[in-house]
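S.K.: everything below, folded, please.
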Amino acid sequence: MKVSTHQFTLGLIAAAVVSLTACGGGGGGTAGVGTTPVTTTVMDGLIYNALVCVDSNNDGVCQPTEVQGRTDETGKVTLNIPSTQFATAKLIAVVGTDATDMDFPNVKVPVAYTLRTSAGKHSVISPLTDMVQTKMDLDSTKTFEQAETEVKTEKGLDLSVSVTVDFVANRDKDSAYKKASDRAREHVLEIQKSKDELSKLHCEHTDQEDSDDDRVRKMLATNSPNASLDLENDADVKMACSATSNTKCDDVKKAKIKPVTLSCPTPTPTPTPTPTPTPTPTPTPTPTPTPTPTPTPTPTPTPTPTPTPTPTPAAQTITFTSPGNQTMGIATPALSATSTSGLTVTFASTTPSVCTVSGTVLTLVAAGSCTVSANQAGNTSFAAAAEVLRTFTVAAALPPVVVASAAAGKLLYAANSCGSCHGTPPSSMKVLNGANSPITISNAISSVGSMSSYSGKFSAQNLTDLAAYLATPTI
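M.R.: Reported below is the predicted structural model:
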């Protein structure tokens, strides 16, 4: 059957038109129910004709069966991602030697490389997003935010910069994004220079081994030879990059950047199968007569030793006499108690807000009810004694007595041989109270030897007045 070449060509053109109906460049996937259109931008500069796909099987490679498309001259492509994969979809951009970095529109990309985004981060695909994903690959416990902060810190970027923002669109109006654009370009130069050196080794890979891109990006993340390289302040770079030629700036940077040192992975040798030996026939053995077993002697049981009984500690009791009611400001007696065991008794206060105990010393803290415990813990011979408690009242300190006057305290007294020791002696050898208690105490004076004495009771006011007078007897 003869096929028309003209018709076949038209068919291919029609198919191509159908495949490029999505927004941006060559769109991927079929729009409709069950899909979500996502537009992403691939950038170092804006990358034209990069192959972008949804890494559905997470193998880091764009498979023919995966949703994919090509970027336009603005670096954009729209993919119709299945809605069930939208939140977890990782995007891959393969920047091949048929792609163009629009910062260098007159040349093709010299060395192919691959960029990636993290799951659910679809707005841009750039060297910065690829560095973040590499951090997460090396440590699966790391979140996107943690990895992003690490990358920005290592590259000296302002923490306000977001790796998911289009730095190409912002670099001419924001110095922070201009710096982000420079660091991204330098990272691409590191990858390209390292891959160029690695290609000279002509390594062979198995399906189980990392690709050249994976090996290079992991080495750059963990042991970059350019970690201390400060291109931003390099005099040669400053001079070259101040010119209008991006190519000259790029060439000077590339000359100063060092590739990572890599070697071909050692292939795992295929083990040589061990030949199965021909079995030698085993001769039939002559049966050995079964010997008569020697009877096992019955062991003599070891007698169980009789345990030595533990003596029961004797009981003991405590005798503890209450110190009685106490008054604040007045010295307290030493605490005293005895035990029938003769062992020392210890004291403690169960009401530390009212009273405390240290050894046998009782200290009053405040008015109230004080309880003191007496204990004896016992020893190997005596069991612990039952606790004895003694409770008593602690009264507030007596208020000071106000003395009306020393003159009112002329409580007079007399002696046989002292007619005027303190004022004028009373008649009939009687003691008179002062002005505070104007009564006469009859028969108050009695003779005891050569000295007369008073026998009777004075009130607190009497005593206070008398003390005031005796302190100032001239009044």
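S.K.: name the helix or strand for L79, please.
M.R.: Using DSSP states H and E, L79 sits in strand 76-82.
S.K.: what about that strand, distance to the chain center?
M.R.: Averaging C-alpha coordinates over strand 76-82 and over its chain gives two centres that are 42 Å apart (Cα atoms, centre = their mean, to the nearest Å).
S.K.: give the partner strands of the helix or strand following that strand in its sheet and their orientations.
M.R.: Moving toward the C-terminus from strand 76-82, the next helix or strand (DSSP H and E) is strand 91-95. Strand 91-95 pairs in its sheet with strand 51-54 (antiparallel), strand 113-116 (antiparallel), by DSSP bridges.
S.K.: pairing partners for the helix or strand following strand 91-95, with directions?
M.R.: Sequence-wise, the next helix or strand downstream of strand 91-95 (DSSP H and E) is strand 100-101. Strand 100-101 has these partner strands in its sheet, going by DSSP bridges: strand 47-48 (antiparallel).
S.K.: the closest residue to V151 other than its chain neighbours sits in which helix or strand?
M.R.: Distance criterion Cβ to Cβ, 6 or more residues apart in numbering; nearest residue to V151, sequence neighbours excluded, is M131 at 4.8 Å. For every residue, glycine as well, the C-beta is placed using N, CA and C. Element membership for M131, per DSSP H and E: helix 127-138.
S.K.: got the buried residues for that helix?
M.R.: Of the residues in helix 127-138, P127, L128, T129, D130, M131, V132, Q133, T134, K135, M136, D137 count as buried by neighbour count, 16 or more other Cβ atoms under 10 Å.
S.K.: who's in contact with stretch 374-393?
M.R.: Contacts with stretch 374-393, where a contact means Cβ atoms under 8 Å, 6 or more residues apart in numbering, come from 311, 313-326, 335, 337, 339, 341, 343-348, 350, 368-373.
S.K.: hmm, who's touching stretch 133-150?
M.R.: Stretch 133-150 has contacts (Cβ under 8 Å, 6+ apart) with 90, 116-118, 121, 132, 151, 159, 162-163, 217-218, 220-222.
S.K.: report the buried members of those.
M.R.: Taking 16+ other Cβ under 10 Å as the criterion, what is buried in the contacts of stretch 133-150 is K90, R116, T117, S118, K121, V132, V151, V163, R217, L220, A221.
S.K.: now do the helix or strand encompassing D213 against helix 127-138, angle only.
M.R.: Assigned by DSSP H and E, D213 belongs to helix 212-223. Per axes from the mean of the first three to the mean of the last three Cα atoms, to 10 degrees, the angle that helix 212-223 makes with helix 127-138 is 80 degrees.
S.K.: name the nearest residue to A315, ignoring sequence neighbours.
M.R.: Counting by Cβ to Cβ, 6+ apart, the nearest residue to A315 once its immediate chain neighbours are dropped is A383, at 5.7 Å.
S.K.: ok, the one you found - how many residues close by?
M.R.: Using other Cβ atoms under 10 Å, A383 is surrounded by 15 other residues.
S.K.: would you mark the buried spots in stretch 73-92?
M.R.: In stretch 73-92, counting by 16+ other Cβ under 10 Å, buried: 74-81, 85, 89-92.
S.K.: now the lengthiest helix in the chain, how far from the centre of its chain.
M.R.: What stands out as the longest helix in the chain, according to DSSP state H, is helix 175-199. In terms of Cα atoms, centre = their mean, the centre of helix 175-199 is found 37 Å from the chain centre.
S.K.: same question for that helix, mean pLDDT?
M.R.: Averaged over helix 175-199, pLDDT sits at 91.
S.K.: that helix packs against which elements?
M.R.: Applying 3 or more Cβ pairs under 8 Å, 6 or more residues apart in numbering; DSSP states H and E, one finds that helix 175-199 makes contact with strand 113-116, helix 127-138, helix 167-170, helix 212-223, helix 246-256.
S.K.: looking at the ones you listed, spot the one closest to P307.
M.R.: When these are compared by Cβ to Cβ, helix 127-138 sits nearest P307, at 65.8 Å.
S.K.: pLDDT averaged over that closest one, what's the number?
M.R.: Across helix 127-138, pLDDT averages out at 95.
S.K.: tell me which residues of the next helix or strand after that helix come out buried.
M.R.: Next in sequence after helix 127-138, counting helices and strands by DSSP H and E, comes helix 144-154. By neighbour count with 16+ other Cβ under 10 Å, helix 144-154 contains the buried residues F144, A147, E148, E150, V151, K152.
S.K.: make TSV from the residues you listed and add distance to E232 and pLDDT to it.
M.R.: Listed next are those as TSV, based on distance: Cβ to Cβ, whole Å; pLDDT from 0 to 100:
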residue	distance to E232	pLDDT
F144	26	96
A147	23	96
E148	20	97
E150	19	95
V151	16	95
K152	15	96
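S.K.: give me the low-pLDDT residue ranges for this structure?
M.R.: In the predicted model, the chain carries pLDDT under 70 at residues 1-32, 205-210, 244-245, 265-271, 289, 398-475.
S.K.: pop the domain breakdown of it in here.
M.R.: Per the record, the chain has its domains at 22-256, 318-395, 407-471, by automatic domain parsing.
S.K.: among those, which comes closest to T304?
M.R.: Closest of the domains of the chain to T304 is domain 318-395, at 25.9 Å (criterion: Cβ to Cβ).
S.K.: tell me the angle of the helix holding D213 relative to helix 144-154?
M.R.: Going by the same axes, to 10 degrees, helix 212-223 is angled at 70 degrees with respect to helix 144-154.
S.K.: list the helices and strands helix 212-223 packs on?
M.R.: Under the contact definition 3+ Cβ pairs under 8 Å, 6+ apart, helix 212-223 sits against helix 127-138, helix 175-199.
S.K.: for the ones you listed, which one sits closest to G45?
M.R.: Taking Cβ to Cβ, helix 175-199 is the member of those nearest to G45, at 7.7 Å.
S.K.: so which bits of the closest one are buried?
M.R.: 177, 179-195, 198.
S.K.: just stretch 347-362 next, same as before
M.R.: Neighbour-count burial for stretch 347-362 flags F347, S349, T351, V354, C355, T356, V357, L362 (criterion: 16+ other Cβ under 10 Å).
S.K.: farthest-separated two in the residues you listed?
M.R.: F347 and V354 (14.7 Å).
S.K.: the strands in the stretch 201-350 of the chain, which residues?
M.R.: 318-320, 326-327, 337-339, 346-349 (DSSP state E, counting those that start in this stretch).
S.K.: quick one, which of those strands is nearest to E232?
M.R.: For E232, the closest of these is strand 346-349, at 74.6 Å, according to Cβ to Cβ.
S.K.: partner strands of the helix or strand just after the closest one, with direction?
M.R.: Going down the chain from strand 346-349, the next helix or strand is strand 355-358, by DSSP H and E. According to DSSP bridges, strand 355-358 forms sheet pairs with strand 361-364 (antiparallel).
S.K.: got the contact list for the partner strand?
M.R.: Contacts of strand 361-364 with the rest of the structure, by Cβ under 8 Å, 6+ apart, involve 323, 326, 328, 332-335, 354-357, 370, 372, 394.
S.K.: highest neighbour count among these?
M.R.: Tallying neighbours with other Cβ under 10 Å puts C370 at the head of these, with 27 neighbours.
S.K.: quick one: secondary structure of that one?
M.R.: strand (DSSP: H, G, I helix; E, B strand; the rest coil).
S.K.: okay, and the beta partners of it?
M.R.: For C370, the beta-bridge partners are F392 (DSSP bridges).
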